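Output the structure for:
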Amino acid sequence: MIVSRIMTRNPVFIHSDISLSEARTLMDTVNVGHLPVLKKNNELAGLITKVDLVKAGPSPATSLDMYEISYLLSKIKVDKVMVKEVVTVQENETIEEAARIMADRGIGCLPVMNGQFLVGIITDTDIFHFFINAFGARHQGIRITINFREKVGQIAAFAGAVADKGGNIIAFVTSEGDDASHRRATLKITGISRADVQTIAKSLDGSEVEDIRE
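Numbering: from 1, shown residues only. Modelled structure (predicted):
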């Protein structure tokens, strides 16, 4: 799946000449934690987050009252605080690559571009929702994790046996196994019993059931 399928399209944005207090009010109003900052020609100029706003404000130990703080923030423009070297992705990038970039760089969102122009934004929350769906977490069924032996036809044999029993695999996610000779898979299966799923899994040569639950 690619980024454009799960991103927020036409995200709320600001221009760099607005104040920090205006940016904070907008974030609170539309309930977002990130605002892309655009130039007058609508090309991306930067990004500002709630964390940036907190860092730009006075220390919690300040003696200033809330009105004085609001006044100070109203005098500082977004372009003095925003991140200017923004990490972005193109709208046809894969979701897993977007997730890798965010994890490796320790960032919570990526503006999504079509060439030089902003078309969306993808956040860590969007990634979480994607993985919830990928694992079938919102569906009832038998969830099983199997350390499959890395052998041609193992997964096909398991899927065929499930189908023969009248079961249906509604989610299937794989990852690296404990060693080079195995591959781990987590599946959500409906239509058959836990006992049937476990029996099928145990019949596979060299594979191990790591977890099974309803």
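
which residue is nearest the middle of this structure?
Nearest residue to the geometric centre of the chain (CA atoms, centre = their mean): Ile127, 1.5 Å.

so where's this structure uncertain?
Low-confidence segments of the chain, defined by pLDDT under 70: 57-73.

Please enumerate the strands of it.
Along the chain, the segments classed as strands by DSSP state E run 8-9, 14-15, 34-38, 44-49, 89-90, 109-114, 117-123, 142-149, 168-176, 182-190, 208-213.

Can you work out which other helices and strands pack against the first one?
Packed against strand 8-9, as judged by 3 or more CB pairs under 8 Å, 6 or more residues apart in numbering; DSSP states H and E, are the following elements: strand 117-123. Any C-beta I mention is one placed from the backbone N, CA and C, and that applies to glycine too.

got the residue ranges for the helices in the protein?
20-30, 50-56, 66-75, 95-105, 124-134, 154-164, 194-202 (DSSP state H).

What residues of the last one count as buried?
Judged by neighbour count using 16 or more other CB atoms under 10 Å, the buried positions of helix 194-202 are Asp196, Val197, Ile200, Ala201.

of the residues you listed, closest to Asp104?
Ranked by distance to Asp104 (CB to CB), the buried residues of helix 194-202 are led by Ala201 at 34.1 Å.

Run through the residues that contact that closest one.
By CB atoms under 8 Å, 6 or more residues apart in numbering, the contact list for Ala201 reads Ile144, Ile146, Phe158, Ser207, Val209, Ile212.

Next, format these as JSON lines and append distance to Arg100 and neighbour count.
As requested, those are arranged in JSON lines below (distance: CB to CB, whole Å; neighbours: other CB atoms under 10 Å):
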{"residue": "Ile144", "distance to Arg100": "27", "neighbour count": "21"}
{"residue": "Ile146", "distance to Arg100": "25", "neighbour count": "27"}
{"residue": "Phe158", "distance to Arg100": "28", "neighbour count": "23"}
{"residue": "Ser207", "distance to Arg100": "28", "neighbour count": "23"}
{"residue": "Val209", "distance to Arg100": "29", "neighbour count": "15"}
{"residue": "Ile212", "distance to Arg100": "29", "neighbour count": "17"}
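
which residues does the closest residue to Thr123 other than its chain neighbours contact?
Nearest residue to Thr123, sequence neighbours excluded (CB to CB, 6 or more residues apart in numbering): Cys109, at 4.3 Å. By CB under 8 Å, 6+ apart, the contact set of Cys109 is Gly33, His34, Leu47, Thr49, Met102, Ile121, Ile122, Thr123, Asp124.

Could you pick out the buried ones from these?
His34, Leu47, Thr49, Met102, Ile121, Ile122, Thr123, Asp124.

just to revisit the earlier point, to Asp179, which of the helices of the chain lies closest?
For Asp179, the closest of the helices of the chain is helix 154-164, at 15.1 Å, according to CB to CB.

and stretch 94-101, how far out from the chain's middle?
The chain centre lies 8 Å from the centre of stretch 94-101; the measure is CA atoms, centre = their mean, to the nearest Å.

in that stretch, what counts as buried?
Judged by neighbour count using 16+ other CB under 10 Å, the buried positions of stretch 94-101 are Ile95, Ala98, Ala99, Ile101.

Next up, the contacts around the second one.
When contacts are counted by CB under 8 Å, 6+ apart, Ala98 touches Val3, Val89, Leu110, Ile122, Ile127.
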